[in-house]
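Asks: I would like the atomic coordinates for the input below:
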Amino acid sequence: MDKSWMTINNRLTSKEYQQGVKSFLDFATANLGVEDEIRCPCVDCINGTKYSRQVVWMHLIRRGMASSYLTWVHHGEHVPVSRPSVSNDQYGGSGECMTDIDDPPMDELPIMLEEIYVSGLMDDHTDEEPNGLEREDLHKFTRLFEDAQRKVHPTCEKFSVLSFVIKMLHVKVYNKWSNKSFDMVMQVFKDILPECDPTVPWTLYDAKKFLRDLGLGYETIHSCKNDCVLFWKESANLEKWPTCDTCRYKLNDDGGKKIPHKVLRYFPLTPRLKRLYMSKKRAADMRWHNEKCVDDDILRHPADGQAWKDFDKQHPTFSDDSRNGLRSKIGYMGARRHLLENHTWRTSKLFNGQTEHRSKPLDLSGGQILEQIDSATYKPYGKHPQNRKRQRNEHQNLN
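Replies: Numbering: from 1, shown residues only. As a prediction, the model looks like this:
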């Protein structure tokens, strides 16, 4: 599609420019359907506000179209992602170690990135101009598009830069390489193939930084040495925890950067759920329980279970949205205690490798349970130096 008219300066008198604006509006109407309002791509609105077709026409004639808006993603045009010139098939070695890895086809990378990119732009709930952080995210994805199509080596027809980095990290995890061994192997590749693309990250640190733009990183939270607390939220600024009086950081006589005793790596759930729904194929799978599950009294999926159905009855608003496919999972410790004394499952070791000889626990009222809680003695959380493992026969009066 010819977009050269966008750079014409004499917009009020140029028939070519006015015809270009008309062709743009016709294109948007054909792709978006007959809507009362469409996003205005003029230099002032920059797709941040919706107006009628006539108002958009006036804005584009008077102000001009934003020169950076070359791909009309807000008006139905697909992001121009061509198939990579390099084949991103799985590594075809004969080694047995890689045959069990269920890798996604590497030629899906550009499609995946396109879905992520477009989903970030086509947010129907956002009518404001993208802020600086959002623009930076789009720039990051643009770089990933390029890396997904650039050959890792001029003569390599198997991997792009992006697929090579993903594959090497996958191999590292699958074969339990140490960080040092990964760096050593990458250095060998670099020495053997000096003509590799200059953007290839040759260390584990750089590789993780390289893939961080995909948006699936993690948060680091400092933890107490004895596992009794996380230095998080209201405790984020504490230097020591008062219960065990243990310092948050290791002693550092030389000064400089403080090193925590322990670090918890937290992988946020929300961005990962968003990423699943960015893919058309995976989004359909995520809604399967609601849209395609057949209720024929056969247990094929957790949605066929009674617990799932009871949850849906108790929370109808939540269950009405097919995207709400997550349910809390409850594990019952010692569940076999409720079986009959002569039940065969009590002597089976298939459950946890042990047999169950304890009798059924007492059925207590709420008041009786509170009395047991009040009469019990509690030790500090975690691995406090004064703690010792409680023996099974302690506190016989407790249920």
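Asks: Let me see the domain layout of this protein.
Replies: Domain assignment for the chain by automatic domain parsing gives 4-75, 102-214, 219-266.
Asks: Tabulate these in CSV, adding columns for mean pLDDT and mean neighbour count.
Replies: C-beta: built from backbone N, CA, C; applies to glycine. Shown next, in CSV, are the domains of the chain (pLDDT from 0 to 100; neighbours: other CB atoms under 10 Å):
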stretch, mean pLDDT, mean neighbour count
domain 4-75, 84, 15
domain 102-214, 73, 15
domain 219-266, 83, 13
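Asks: Report the central residue of this protein.
Replies: The residue lying closest to the centre of the chain (CA atoms, centre = their mean) is Arg272, at 2.2 Å.
Asks: was I right about His289 contacting Gly305?
Replies: No - His289 lies out of contact with Gly305 (CB atoms under 8 Å); the separation is 10.9 Å.
Asks: Please say which of these two ends up with more neighbours.
Replies: Taking neighbours as other CB atoms under 10 Å, His289 and Gly305 compare with His289 leading, 18 against 12.
Asks: just to revisit the earlier point, check the secondary structure at the residue nearest to the centre of the chain for me.
Replies: Following DSSP: H, G, I helix; E, B strand; the rest coil, Arg272 is assigned to helix.
Asks: For His75, which residues are in contact?
Replies: Residues near His75 by CB atoms under 8 Å, 6 or more residues apart in numbering: 24, 27-28, 31-32, 38-39, 41.
Asks: before we move on, the earlier item: nearest to Asn324, out of the domains of the chain?
Replies: Asn324 lies closest, by CB to CB, to one member of those: domain 102-214, at 17.4 Å.
Asks: so where's the stretch 251-399 of the chain shaky on pLDDT?
Replies: 252-256, 278, 325-332, 377-399 (pLDDT under 70).
Asks: so where do the helices sit in this structure?
Replies: 15-32, 53-62, 109-121, 132-149, 161-174, 179-192, 204-211, 269-278, 280-286, 288-291, 306-314, 316-320, 344-347, 366-375 (DSSP state H).
Asks: Gly76 contacts Asp26, correct?
Replies: No - in this structure Gly76 lies outside contact range of Asp26 using CB under 8 Å: 11.2 Å.
Asks: ok, what's across the strand from Lys151?
Replies: Beta-bridge partners recorded for Lys151 (DSSP bridges): Ser160.
Asks: Lys190 versus that one, what's the distance?
Replies: According to CB to CB, to the nearest Å, Lys151 stands 16 Å off from Lys190.
Asks: go on, Glu77?
Replies: 40 Å.
Asks: Ok, Tyr174 next?
Replies: 22 Å.
Asks: and what of Ser348?
Replies: Taking CB to CB, one finds Ser348 at 55 Å from Lys190.
Asks: for Glu37, same thing?
Replies: 54 Å.
Asks: Give me the distance from stretch 171-191 to the chain's centre.
Replies: 25 Å (CA atoms, centre = their mean, to the nearest Å).
Asks: now swap in stretch 227-247 and tell me
Replies: With CA atoms, centre = their mean, you get 28 Å for stretch 227-247.
Asks: 39 is where my numbering starts, stick with that
Replies: With 39 as the first residue, the last one maps to stretch 265-285.
Asks: first vs last residue of it, how far apart are they?
Replies: Length of stretch 265-285, first residue to last, CA to CA, to the nearest Å: 12 Å.
Asks: Just the buried residues of stretch 314-331, please?
Replies: Judged by neighbour count using 16 or more other CB atoms under 10 Å, the buried positions of stretch 314-331 are 316-317, 324-325, 327-328.
Asks: which of those lies closest to Arg286?
Replies: Nearest member of these to Arg286, counting by CB to CB, is Met316, at 37.7 Å.
Asks: Got phi/psi on His339?
Replies: phi -150, psi 150 (degrees, to the nearest 10).
Asks: you'd agree it is up against Asp323?
Replies: No - taking contacts as CB under 8 Å, His339 lies outside contact range of Asp323: 11.4 Å.
Asks: give the contact list for the closest residue to Arg49 other than its chain neighbours.
Replies: Distance criterion CB to CB, 6 or more residues apart in numbering; nearest residue to Arg49, sequence neighbours excluded, is Tyr55 at 4.9 Å. Counting by CB under 8 Å, 6+ apart, Tyr55 makes contact with 43, 46, 48-49, 99.
Asks: Need those residues in TSV (columns: distance to Arg91).
Replies: Below are those laid out as TSV (distance: CB to CB, whole Å):
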residue	distance to Arg91
Trp43	18
Ile46	21
Asn48	23
Arg49	17
Ile99	13
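Asks: Out of these, flag the one nearest to Leu200.
Replies: Checking the contacts of Tyr55 one by one against Leu200 (CB to CB), the nearest turns out to be Trp43, at 35.1 Å.
Asks: now the nearest residue to the closest one once chain neighbours are set aside: how far from Asn69?
Replies: Using CB to CB, 6+ apart and skipping the chain neighbours, the partner closest in space to Trp43 is Gly58 (3.0 Å). Separation of Gly58 from Asn69 (CB to CB): 17 Å.
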